[in-house]
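A.B. asks: Next input, structure requested:
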Amino acid sequence: MNVEFINPFLASLLNVLETMAQTKLKPGKPRIKTDEIACGDVSGVIGMVGPVTRGSLSITFDESLALTLMEKMLGEKPDSINDEVTDMVGEITNMVTGGAKNLLGEKGYDFDMATPIVVSGKNHTITHKSDGKKILMPFTSDDGNAYIEISFDAL
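C.D. replies: Numbers count the residues shown, from 1 in each chain. Take a look at the predicted model:
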């Protein structure tokens, strides 16, 4: 998978969380993911399709980070993942994908985005709608971890 295609998603996540929630994430080392079990507790998943590529992206947060983001963005910190937290994760997923879409558009890539779905719970699964390898990029913060999974097929 082309790094030129992945990096805009990573940059967009860092930008969205820093801008919207005053939260800095530290990137870890990317790796190939071979299973469908999410690394965190709540995930936003979005499909993308364009003339030359098709795939999906997920952004997963540890519960502790999701709750802190909720507090920083909306001024309230629930005791656990609830409907408002899952709505926020869906919106973050939308913002990150939209930001990456703008960056990729400048490089000649074009794709349409689906509406994100959000899945939560311990050991929930994420199924990507492509046959490509799944790249997992971990991020750490003082409030918990986040993970981006990206999987694309070249058409």
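A.B. asks: How about residue 126, nearest residue that isn't a chain neighbour?
C.D. replies: Nearest non-adjacent residue to residue 126, counting by Cβ to Cβ, 6 or more residues apart in numbering: residue 58, 4.8 Å away. Every C-beta, even on glycine, is put in place using the N, C-alpha and C of the backbone.
A.B. asks: That neighbour: what's it in contact with?
C.D. replies: Neighbour list for residue 58: 38, 43-46, 93, 126, 128, 147-149 [criterion: Cβ atoms under 8 Å, 6 or more residues apart in numbering].
A.B. asks: Quickly note the distance from residue 46 to residue 77.
C.D. replies: 26 Å (Cβ to Cβ, to the nearest Å).
A.B. asks: re the thing from before, are we agreed that the residue nearest to residue 126 is in a helix?
C.D. replies: No - according to DSSP: H, G, I helix; E, B strand; the rest coil, residue 58 belongs to no helix; its state is strand.
A.B. asks: Just list whatever residues bridge to it.
C.D. replies: Bridge pairing for residue 58 (DSSP bridges) gives the partners residue 45, residue 149.
A.B. asks: From residue 121, how far out is residue 43?
C.D. replies: Relative to residue 121, and taking Cβ to Cβ, residue 43 is found at 10 Å.
A.B. asks: Would you tell me what helix or strand residue 119 is located in?
C.D. replies: Per DSSP states H and E: residue 119 is located in strand 117-120.
A.B. asks: contacting residues for residue 121?
C.D. replies: residue 41.
A.B. asks: Which one of the contacts of residue 58 is nearest to residue 85?
C.D. replies: Nearest to residue 85 among these: residue 44, at 11.0 Å, using Cβ to Cβ.
A.B. asks: didn't that closest one look like it was pressed against residue 88?
C.D. replies: No - applying Cβ atoms under 8 Å as the test, residue 44 and residue 88 come out as separate, 9.2 Å apart.
A.B. asks: Show me what counts as buried in stretch 123-137.
C.D. replies: 124, 126, 128, 130, 132, 134-137 (16 or more other Cβ atoms under 10 Å).
A.B. asks: so residue 132 sits in a strand?
C.D. replies: No - assessed by three-state DSSP, residue 132 does not belong to a strand; its assignment is coil.
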